[in-house]
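Asks: coords please:
(one chain, ligands or ions: 1)
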Amino acid sequence: MTESDPSETLFERIIAREIPADIVHETATTMAFRDISPQADTHVLVVPKTRYRNVGELAAADPALLADVIATAHRVAELDGLVDSGYRVVFNTGADAGQTVFHVHAHVLGGEQLGFFGRYRDEADDD
Ligand code: AMP
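Replies: Numbering: from 1, shown residues only. Sure thing, here's the model as predicted:
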């Protein structure tokens, strides 16, 4: 799927339970499920049930729904026992950030010491 593709994304199909996912929490407005390719001991995606393409569009259109997404992210952290040890919430937005699914989603990461993030480093750059 390309960023310009207006068709349904994978996440609408997960929300509709048309394809399976490991759902860890659900509210009237949000759903949280484990990432299929986890980057930490806990790696959960939180999505609003209404589709916006990215967090900026969501914030502009429905700030209360963005607050619901953050509250669900915190609830996921509580359920996975991360509140005391800490966790990270990330919204990849656009190509440079590596966004691949254009239904806004928060990544909730934790359960172990997380690495730094930021500029892409190719090993060749270290020479
Ligand atoms: P992003 O790159 O920020 O758009 O994140 C998309 C995330 O969706 C990636 O971390 C993928 O591993 C994850 N993903 C893709 N397909 C599935 C799936 N069927 N179930 C759960 N997570 C998925």
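Asks: For the helix ranked longest in the chain, what is the distance to the chain centroid?
Replies: For the chain, the helix with the greatest residue count under DSSP state H is helix 63-79. In terms of C-alpha atoms, centre = their mean, to the nearest Å, the centre of helix 63-79 is found 11 Å from the chain centre.
Asks: Where does the prediction get shaky in the protein?
Replies: Along the chain, the model assigns pLDDT under 70 to residues 1-7, 123-127.
Asks: The ligand contacts on that one?
Replies: Along the chain, the residues adjacent to the ligand under the rule C-beta under 6 Å from any ligand atom are 10, 21, 33, 35-37, 45, 92, 98-101. For every residue, glycine as well, the C-beta is placed using N, CA and C.
Asks: which pair in those residues spans the largest distance?
Replies: Greatest spacing in the residues of the chain next to the ligand, by C-beta to C-beta: A21 and G98 (20.4 Å).
Asks: out of these two, which sits in the busier spot?
Replies: Each of A21 and G98 has its neighbours counted (other C-beta atoms under 10 Å); A21 has more, 18 against 9.
Asks: In contact with the more buried one, which residues are there?
Replies: Contact analysis of A21 by C-beta atoms under 8 Å, 6 or more residues apart in numbering lists 14, 33-34.
Asks: So which of the residues you listed are in helices?
Replies: Taking DSSP H, the ones among those that sit in helices are I14.
Asks: ok, and the most crowded of the contacts of A21?
Replies: Highest count within these by other C-beta under 10 Å belongs to F33, 21 neighbours.
Asks: The closest residue in space to that residue that isn't next to it in sequence and L10: what is the separation?
Replies: Leaving aside its sequence neighbours, F33 sits nearest to A21 (C-beta to C-beta, 6 or more residues apart in numbering; 4.0 Å). Going from A21 to L10 by C-beta to C-beta, to the nearest Å gives 9 Å.
Asks: for this structure, what spans make up the strands?
Replies: Along the chain, the segments classed as strands by DSSP state E run 23-26, 30-34, 42-48, 87-90, 106-110.
Asks: Other residues contacting stretch 74-90?
Replies: Against stretch 74-90 from outside (C-beta under 8 Å, 6+ apart): 24-25, 32, 42, 44, 46, 70, 73, 106-111, 114, 117.
Asks: Sounds good, over and out.
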